[in-house]
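In: model the structure of this input:
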Amino acid sequence: MWHHLRPPLFLITGCGWLLASAGLGLALWLGIILGRPLSPMLRLVHVHGALVGGVAQIILGAMLTFIPTLLMTGKDRPESHPVLYLAINAGAVALITGFWLQNRTIIAIAGSVILLVFLNVFREAGRQARHSLNSPPLNLLFYGLALLSFFGGIGMGLAITMHWLPVTMLGQGRLAHLHLNVLGFVTLTIVGTMHNLFPTVLNAPLYSPRLARLTFFALPLGILGLVSGFLLSRVWVEIGAGIVLLGGTGLYAYNIVRTWLAAGRPRSAPVDHFLVATLFLVLTVIAGILVAVNGLAFPPKIPFGHLHLAAYTHLVFIGFMLQTIAGALSHLLPISLALRRVPSNKKRTPYLATLVGIMEQWRSVQVSALSLGTMGLLLVAALLWQYSLNSTPVLATAWTSAGLLAIGLLIFAMKVVRLLLCWPSLESAHHRSE
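Out: The predicted structure is shown next:
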C-alpha cells in the first residue's frame, strides 16, 4: 500500500481537509450571525485544520513534486513518501485534538512533528541542490525563504503554547505567529510556484523574469519589517512594511496579468482562479495597511471588532489561498491522475481531456460564487457600522454570502469526487483485476 502514498495523494487529502474546515467555518459564521456562537475552541480547530491539514499538506505535496523537477534530480528520488504523509496528517489530527482538549502538551508535540516534517523537506532540498548541476532557480529560493519563515512561525507558536513568552508579549507573539505562517510561508510558496505554474498553464513564457526577481526581494523584506513591527509594537513600522509588501504584490500582480494578456487572454478554471486570487492578494495588503492606519488612534476612529477581523482575514484565506489552491488542483489533479492511471502516452490524451472537461464544468459559477461570497463577508462587516447584528440587511447579506461560498465549495468538491471515480475503461478493468 505504501507505493500509493505519492504527492498527488497529499493534494487530494489536503483538499479534503480544506473542504471539511470550510464547512466548519461556515457553521461558525452562521452561529455568530444567529446569535448562537459555537465554542471558541472550534475556531482554532477550523483555522489549524485548514492551514495545517489543508494548505500545509498541499504545499508539502507540491514541494515533493516540484523541487526534484526544478533541480533535475528526480531520477533517483523515491516517488512514495509514507512517513511524511502519515506524519503530516497525524500532526494535524493531534494539533486540533490538543486545541479541543486545551492540552498544551499535545499541541506542542503535534507542532514539533509538523516542524520535523518540513525540516526533512528542507534538508533534502539542500542535499539535492548541492548535487544538482543546475543553479537553484528563483522558485526554489522562494521555497527556502518560505520554509525558514514556517520554522519561525512554528517556533513562535510553540513559545506561545508553552508560555515561554511574557504575558505582555502574547498579543504581539500571536500576530507574528500568524503572519510568519500565512504571509511568510503560504504566500511566498504560492508566489514562488505561480511564477512557474501560471506560465505552464498558459503554455506561454513569464512576462518578466526581472519583475519576478524584484518581487523576490520585496516580499521577504516587507514580511520581515511587518513581523518586526508587531514584536516591537511600532505601528509606523508595520505601515512602512505594508507599503513594501504592496509594492511587491503589485509587481507580482502586474507580471501575472501581463503574462495572461501576452498569452491571448485564455480562459479556464485554473486561469480564472489564479487571476481572481491575485486580485484578492493585492486587496488584502491594502486592507491590512488601512487596518494599521486605523490603529494609530486609540480608540480607533473606525470600530473594528471580531466580525471585521474575520472578514479581513478571509480575504486572504478564501480570496487568495483557497482560490489559488482550487486553481492549482484544477490543473494538477487531472494531469497527476492521468499519468498514474494510463501509462501509454497515446491512450492518455483522451482520458486527460475527459478529466480536464470535468474540472471545466460550471467554471464560471464556481469562481463567481467563491469570489462574491468572499466579498459578501466584507459587506457584512461594513453593514455592521450602520446596522445591528440582528437587522435584516446584515442577516440577508450574511446568509447570501454563506450560501454563495457553500455553492462554490460544493461544486468544487463534486468535481474532485468525479475525478477520483472517473477511471478509463481499460485501466479500470486492470485496476480491479489487481
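In: for stretch 198-214, output the C-alpha coordinates as CSV.
Out: Coordinates of each C-alpha in stretch 198-214 appear next as CSV, following Å, rounded to 0.1, in the frame of the first residue of the first chain:
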residue,chain,number,x,y,z
PHE,A,198,1.0,30.1,-14.3
PRO,A,199,3.1,30.2,-17.5
THR,A,200,2.9,26.4,-17.7
VAL,A,201,-0.9,26.5,-17.5
LEU,A,202,-1.0,29.2,-20.2
ASN,A,203,1.7,27.5,-22.3
ALA,A,204,3.5,30.8,-22.5
PRO,A,205,6.6,32.4,-21.1
LEU,A,206,6.6,34.6,-18.0
TYR,A,207,6.2,38.2,-19.0
SER,A,208,9.2,39.5,-17.0
PRO,A,209,11.8,37.4,-15.0
ARG,A,210,13.2,40.7,-13.8
LEU,A,211,9.9,41.6,-12.1
ALA,A,212,9.9,38.2,-10.6
ARG,A,213,13.4,38.9,-9.1
LEU,A,214,12.2,42.2,-7.7
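In: buried ones in it, by neighbour count?
Out: 198-199, 201-202, 206-207, 211-212, 214 (16 or more other CB atoms under 10 Å). For the C-beta atoms, the positions are set from N, CA and C on the backbone; glycine is no exception.
In: residues of stretch 152-169 that come out buried?
Out: Neighbour-count burial for stretch 152-169 [16+ other CB under 10 Å]: 152-161, 165.
In: and of the residues you listed, the nearest to Thr374?
Out: Ranked by distance to Thr374 (CB to CB), the buried residues of stretch 152-169 are led by Gly153 at 23.9 Å.
In: dump the residue contacts of the closest one.
Out: Residues in contact with Gly153 (CB atoms under 8 Å, 6 or more residues apart in numbering) are 176-178, 180-181, 184-185.
In: just checking, which of those residues belong to helices?
Out: With helices defined by DSSP state H, the entries of the contacts of Gly153 inside them are 176-178.
In: show me what contacts Phe66?
Out: 139, 193, 196.
In: if we use 7 Å, what do you get?
Out: If you count contacts by CB atoms under 7 Å, 6 or more residues apart in numbering, Phe66 has them with Thr193.
In: which element, helix or strand, includes it?
Out: For Phe66, the host element (DSSP states H and E) is helix 57-71.
In: just the buried residues of stretch 308-317, please?
Out: 308, 310-317.
In: closest to His46 out of the buried residues of stretch 152-169?
Out: Gly157 (16.2 Å).
In: pLDDT value on that closest one, please?
Out: Gly157 is assigned a pLDDT of 92 by the prediction.
In: which residue sits closest to it in space, ignoring its chain neighbours?
Out: If the residues on either side of it in the chain are set aside, Gly157 comes closest to His177, at 4.9 Å by CB to CB, 6 or more residues apart in numbering.
In: how close does that neighbour sit to Ile160?
Out: To Ile160, His177 is 6 Å away according to CB to CB, to the nearest Å.
In: got the residue ranges for the helices in the stretch 201-350 of the chain?
Out: Counting by DSSP state H, counting those that start in this stretch, one finds helices in the stretch 201-350 of the chain at the ranges 209-232, 235-262, 269-294, 306-314, 323-341, 345-360.
In: dump these to a markdown table, plus distance to Met169.
Out: Output for these, formatted as a markdown table (distance: least, CB to CB, whole Å):
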| stretch | distance to Met169 |
| --- | --- |
| helix 209-232 | 8 |
| helix 235-262 | 16 |
| helix 269-294 | 19 |
| helix 306-314 | 20 |
| helix 323-341 | 32 |
| helix 345-360 | 46 |
